[in-house]
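Peer 1: Fold the following and give me the result.
(chains A and B)
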Amino acid sequence: MIQVTLPDGSVKSFAGPVTLGGVAAAIGQGLARAALAGTVDGQLVDLDHPLEADALVTIVTANSEAGLKIIRHSTSHLMAQAVKELFPTVQVTIGPAVDNGFYYDFAFERPFTPDDLAAIEARMQEISLRALPVQRERMDRAEAIAFFQAQGEFFKAEIIADLPADQAISLYRQGTFVDLCRGPHVPNTSCLKAFKLLSVAGAYWRGDARNRQLQRVYGTAWPDKKALDAYLRQLEEAEKRDHRRLGRELDLFSLHEEAGGGLVFWHPMGARVRQVIETYWKKVHVEAGYELLFTPHIANLDLWRTSGHLDFYQDSMFSPMMVDEQPYQIRPMNCPFHILIYNTHLHSHRDFPLRWAELGTVYRYEMSGVLHGLFRVRGFTQDDAHVFCREDQIEAEILGILDLTLATLKAFGFSQFEVNLSTRPTKSVGSDAIWEKATAALKQAIVLRELPFVEDVGGGAFYGPKIDVKITDTIGRKWQCSTIQLDFNLPERFDIYYIGENGGRKRPIMIHRALLGSLERFFGILIEHYAGYFPVWLAPVQAVVLTITDDQNDWAVTVRDRLRARGLRVEADTRSQKVGYKIREHTLKKVPWLLIVGDQEKREGAVSPRDCSGKTYGTVPVEQFMDRLLEETNQH
RNA sequence: GCCGACGUAGCUCAAUUGGCAGAGCAACGGAUUUGUAAUCCGUAGGUUCGGGGUUCGAUUCCCCGCGUCGGCUCCA
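Peer 2: Below you'll find the model as predicted:
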């Protein structure tokens, strides 16, 4: 007699050994049909897994995360089978489930073409219809290695050889296709019916650029056609908010082949947004007790030799240029400059904290293949700052920085945060005492602000612990912008000090921090977050006055100028076009407010506002509208 | 950097086996005076990414370079 306990606490009894599939069937026909796999005492297993003792059992269907993952993983096997059938000389390697889909890496003598992908997908459909049972088998290690070698699957054999000696080797067989896999898998290829192959790309064997490059085929898989279609629509939506497309459509910025990759040109409309961001940034920094600095874009390479950046980052620095027979470096970092300023004075313990911020443009050589719109560039402006303080001030400074960070990110429309706390790595500088104290201060700040955080043990930089803040955008993607890093290294290297209470020299603590990270990248994130619909305070054009006929041109210009006189960003469209045409055009430019003026509005000293969703608000006196727009603008 | 795909007017895209490089939108000129998402007519617009090669002839085929796009961490 076997007693099976179900998630709802109920218990089913079976006379003899039973599989999970049998348990599902005993619960109900519907569940038996939907069942993909199950868990036994928390362990994910196949549906044909036999139960020989009492256990806590759940049945996994496509409705759960685990079920979706199984579908995706099994679909990757389905793809591998289709590829092997079509191209017998292909060697299979690995094929896991990933977010929204799966991939499989293949070794093949020629690249896959888009036509190949279509053929593979068609073959996958066909194999799905064959309704092949997917069965788990066991082999001992030597046998498994020999088995895959005999089939010419040398990558598989290598994977097994690298598995721990005591680990059981399991294989999955579907028809003639056998793959090494831990599982579990769906019971039958007919469970896989909604998938699409998306792209093919190079990927290194075991992720190492020194190894052979394989071909990775990406696909997506879902429980049914409806979910698949919904996902494909979502991909289209994401494409519509792509900052590269919106950057062109809204005339915000451009990149130029003639100039070189990864170098950003801010157009007037984009520059307006940047101005608003910078003005706000400067305001909150001054309020938070920062001084604003300006430093050069180029300087003697020795500075980065002293800082140690050259040793670590030479590969991602632009080559120096010779000036008066000295090597000069376009700056990849701002910190040495702030230290030079620090060193122009002798400092007292009473001077601290010193909070110095700079919107510092830096240039880093990024490999050509990684450049991507505003997200990955070769020249960008960090919203950098360095805080110099005493050890006893660390905690208060960290808390202050964290508060400034959260307030700033909230102002730009982000409200969901996630924090990483990275602690001391094995290779590092600084005393145990200072690491402990600094790490505790970072943690304390996170806990005080009740932020969810993950501790990345040993993930800190060699020079100090750090916290990184991630934001979540409208469509759920996470972005790391902010970073707060303690540095026990640079003060040492540049030998900076202050005079302590007892008259002796002491080392100050240095904190590096950035809130937005890079203005370019942050702008890209904002564009995608808002899908181009900037809130009024950020919008490059906050309102456009539209005339019905030429008779209102004078009034339109008057309204525009009155709003402009209050600092609002307003245009007047007096072209002899039908108002519907003008509305369409400015709506496509995502202008928050359109102010229609006809004879009535002109007579009454009014405007008829229309927001970008198409909602209208009747006729409103111009002063009233202006107050409202000003209020919305000045919230930040 | 590596793998693959792509590069034609400002934008989105056409162009048969290698045979005069086109359309829509945008721009410009004119007409129109319009009430909440496209008024009509006309004009102009090109080193087909750059360089080389094959050919009577190259947007098309080949080579090199540049750029763009998708990838290159996530346990078989």
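
Peer 1: so what's the residue of the stretch 401-550 of chain A found nearest RNA strand B closest to, chain neighbours aside?
Peer 2: With distances taken as Cβ to the nearest atom of the strand, the stretch 401-550 of chain A approaches RNA strand B most closely at A:T549, which sits 3.3 Å away. Every C-beta, even on glycine, is put in place using the N, C-alpha and C of the backbone. The spatial neighbour of A:T549 that comes closest, neighbours along the chain excluded (Cβ to Cβ, 6 or more residues apart in numbering), is A:G598 at 7.6 Å.

Peer 1: same question, A:G175
Peer 2: Of all residues not flanking A:G175 in the chain, A:L132 sits nearest, at 4.5 Å (Cβ to Cβ, 6+ apart).

Peer 1: pLDDT score assigned to the one you found?
Peer 2: Taken from the predicted model, the pLDDT recorded for A:L132 is 93.

Peer 1: Measure how buried the residue of the stretch 451-600 of chain A found nearest RNA strand B is and give me the count.
Peer 2: For the stretch 451-600 of chain A and RNA strand B, the shortest gap (Cβ to the nearest atom of the strand) falls at A:G598, measuring 2.1 Å. For A:G598, the number of neighbouring residues by other Cβ atoms under 10 Å comes to 19.

Peer 1: Distance check, it against A:Q552.
Peer 2: Computed with Cβ to Cβ, to the nearest Å, the distance linking A:G598 and A:Q552 is 6 Å.

Peer 1: before we move on, what SS does A:A221 have?
Peer 2: Following DSSP: H, G, I helix; E, B strand; the rest coil, we place A:A221 in the strand state.

Peer 1: That one and RNA strand B, how far apart?
Peer 2: Relative to RNA strand B, A:A221 is positioned 15 Å away (criterion: Cβ to the nearest atom of the strand, to the nearest Å).

Peer 1: I figured that residue hits A:L192, correct?
Peer 2: Yes - using Cβ atoms under 8 Å, A:A221 and A:L192 qualify as a contacting pair, with a distance of 6.8 Å.

Peer 1: From A:R424, how far out is A:A433?
Peer 2: Using Cβ to Cβ, we find A:A433 at a distance of 12 Å from A:R424.

Peer 1: Comparing the two, which residue is more hemmed in?
Peer 2: Applying other Cβ under 10 Å to A:A433 and A:R424 shows that A:R424 carries more neighbours, namely 20 against 9.

Peer 1: The helix or strand containing A:D561: which residues count as buried?
Peer 2: Here A:D561, judged by DSSP states H and E, is contained in helix A:553-565. Of the residues in helix A:553-565, those scored as buried under the neighbour-count criterion (16 or more other Cβ atoms under 10 Å) are A:553, A:555-556, A:558-560, A:563.

Peer 1: is the helix or strand just after it anywhere near RNA strand B?
Peer 2: Heading C-terminal from helix A:553-565, the first helix or strand you meet, by DSSP H and E, is strand A:570-573. No - Strand A:570-573 does not reach RNA strand B (Cβ under 7 Å from any atom of the strand); its nearest approach is 11.1 Å.

Peer 1: Name the residues of the helix or strand following strand A:570-573 that are buried.
Peer 2: Towards the C-terminus, the helix or strand next in line after strand A:570-573, according to DSSP H and E, is helix A:579-588. Neighbour counts over helix A:579-588 (16+ other Cβ under 10 Å) mark A:579, A:582-583, A:585-587 as buried.

Peer 1: just the residues you listed that are near RNA strand B?
Peer 2: The subset of these within reach of RNA strand B, by Cβ under 7 Å from any atom of the strand, is A:579, A:583, A:587.

Peer 1: Assess the claim that the second one and A:D611 are in contact.
Peer 2: No - look at A:I583 against A:D611 with Cβ under 8 Å: they stay out of range, at 11.6 Å.

Peer 1: Return every residue with contacts to both of those two.
Peer 2: Applying Cβ atoms under 8 Å, 6 or more residues apart in numbering, one finds that A:I583 and A:D611 are jointly contacted by A:L594.

Peer 1: CSV please, covering the buried residues of helix A:579-588 and showing pLDDT.
Peer 2: Putting these into CSV (pLDDT from 0 to 100) gives the following:
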residue, pLDDT
A:V579, 94
A:K582, 95
A:I583, 95
A:E585, 94
A:H586, 95
A:T587, 95
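
Peer 1: And for the spatially closest residue to A:M321 that is not a sequence neighbour, the neighbour number?
Peer 2: Nearest residue to A:M321 in three dimensions, chain neighbours excluded: A:Y328, at 5.5 Å (Cβ to Cβ, 6+ apart). Other residues near A:Y328 number 17, with proximity taken as other Cβ under 10 Å.

Peer 1: Which secondary structure elements does the helix or strand harbouring A:Y328 sit against?
Peer 2: For A:Y328, the host element (DSSP H and E) is strand A:326-330. Secondary-structure packing of strand A:326-330 (3 or more Cβ pairs under 8 Å, 6 or more residues apart in numbering; DSSP states H and E): strand A:298-300, strand A:321-323.

Peer 1: Tell me the strands beside it, with direction?
Peer 2: The pairing partners recorded for strand A:326-330 under DSSP bridges are strand A:298-300 (antiparallel), strand A:321-323 (antiparallel).

Peer 1: Okay, buried residues for that strand please.
Peer 2: Per 16+ other Cβ under 10 Å, strand A:326-330 contains these buried residues: A:328-330.
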